[in-house]
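Asks: Sequence first, predicted model second:
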Amino acid sequence: MSQRSRPLYQEIADELLTEIRSGKVPVGAMMPTEMELRERFGVSRHTIREAMRQLGDMGLLTRQAGLGTIVKATEARGTYTQSIGTLDELLRYPPETTLQVSSSEAVKADSVLAATLGCKKGEDWIRISGLRSLDKGKRPICWTDVYVIPEYARLADEIGKEPIPVYRLVEKLFGENVNEVKLDLFADRVPEAVADALKVAPGTPALVVVRRYAGHKKRVFEVSVSIHPQDRFTYSAELRREW
């Protein structure tokens, strides 16, 4: 395999996923045993188990007592799982997802928006809105509103040209340095305004993720608010104590 930019278990999961989708390991067939996979990839038991767990979470594999692991499907079910191993992985979406911008407009923060952005009421912002999805919109993961300070308004024209997170794009275009990030996750419901785009009914339970990026002198220059309908997205984190 090539030099890694992602966790090894993810690369192994991707390779096995390719074999499942190509029919090399068809639906109903047994997956290789854990020992066979360890020998094939030259990795630990833990790495193989994590790769298989990824495929299981996607709904592609199922375990049957006394038999082993069987291929259940060739395509992932609606939910998307993001496994997090580093802080940077927590702040960005995987590269296989895309954000398609649908609108960009100047807004003035009212009391509700000011509380979300962590700014003063009446401040001016640029709101860039769009749908993040797999397969170019066929499987929407979330609706995202990205708020940036007015001097970064041209960001809307640059999103999607490169497969990098929006905050990295801000750093590249404007020389901004991310010194602090605050992340909030909470339960809410899908607003009527974005329900059709997300292909769900208004009021559907949702996971909302708010990321606030601060630079020099703790000035917040970007805030993203992402609404994930239930069963569409999962954060999966694994933490280890270093001895």
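Replies: Perfect, thanks for sending it.

Asks: how does the protein divide into domains?
Replies: 8-71, 80-235 (automatic domain parsing).

Asks: Pull up the distance across the shortest one, start to finish.
Replies: In this case it means domain 8-71. 21 Å (Cα to Cα, to the nearest Å).

Asks: circling back: would you turn the domains of the chain into JSON lines with mean pLDDT and mean neighbour count?
Replies: The C-beta positions use only the backbone N, C-alpha and C, and glycine is treated the same way. Below are those laid out as JSON lines (pLDDT from 0 to 100; neighbours: other Cβ atoms under 10 Å):
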{"stretch": "domain 8-71", "mean pLDDT": "89", "mean neighbour count": "15"}
{"stretch": "domain 80-235", "mean pLDDT": "86", "mean neighbour count": "16"}
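
Asks: So the most far-flung residue of the chain relative to its centre, which state does it fall into?
Replies: Going by Cα atoms, centre = their mean, the residue of the chain most distant from its centre is residue 66, 35.4 Å out. Following DSSP: H, G, I helix; E, B strand; the rest coil, we place residue 66 in the coil state.

Asks: Then residue 125?
Replies: Once three-state DSSP is applied, residue 125 turns out strand.

Asks: rewinding a little: from residue 30, how far off is the residue farthest from the centre of the chain?
Replies: 12 Å (Cβ to Cβ, to the nearest Å).

Asks: for this structure, what spans make up the helices?
Replies: Here the chain has its helices, by DSSP state H, at 8-22, 34-41, 45-57, 87-91, 111-117, 166-174, 192-198.

Asks: Output the contacting helices and strands for the fifth one.
Replies: In other words, helix 111-117. If you count contacts as 3 or more Cβ pairs under 8 Å, 6 or more residues apart in numbering; DSSP states H and E, helix 111-117 packs onto strand 220-229.

Asks: Between helix 166-174 and the strand it packs on, find me the angle.
Replies: For strand 220-229 against helix 166-174, the angle by axes from the mean of the first three to the mean of the last three Cα atoms, to 10 degrees is 150 degrees.

Asks: Run through who's touching strand 220-229.
Replies: Residues outside strand 220-229 that contact it (Cβ atoms under 8 Å, 6 or more residues apart in numbering): 116-119, 132, 141-149, 152, 166-167, 170, 176, 188, 190-191, 194, 198, 200, 204-215.

Asks: which residues sit in contact with residue 207?
Replies: Shown in contact with residue 207 (Cβ under 8 Å, 6+ apart): 185, 186, 187, 188, 227, 228, 230, 233.

Asks: mind listing what residue 37 touches?
Replies: Counting by Cβ under 8 Å, 6+ apart, the residues that residue 37 touches are 12, 48, 51, 52.

Asks: I figured residue 118 hits residue 212, correct?
Replies: Yes. Taking Cβ atoms under 8 Å as the definition, residue 118 is a contact partner of residue 212 at 5.8 Å.

Asks: hey, what's in contact with both of those two?
Replies: Between them, residue 118 and residue 212 share the contacting residues 182, 220, 223, judged by Cβ under 8 Å, 6+ apart.

Asks: what's the closest residue to residue 177 other than its chain neighbours sitting at in phi/psi?
Replies: Excluding the flanking residues, the one nearest residue 177 by Cβ to Cβ, 6 or more residues apart in numbering is residue 215, at 5.6 Å. For residue 215, the backbone dihedrals are phi -120, psi -130 (criterion: degrees, to the nearest 10).

Asks: Residue 110 and residue 116: what is the separation?
Replies: 10 Å.

Asks: hmm, I was thinking of residue 60
Replies: The value you get for residue 60 to residue 116, if Cβ to Cβ is used, is 37 Å.

Asks: repeat for residue 230
Replies: From residue 230 to residue 116 the distance is 21 Å (Cβ to Cβ).

Asks: repeat for residue 126
Replies: 15 Å.
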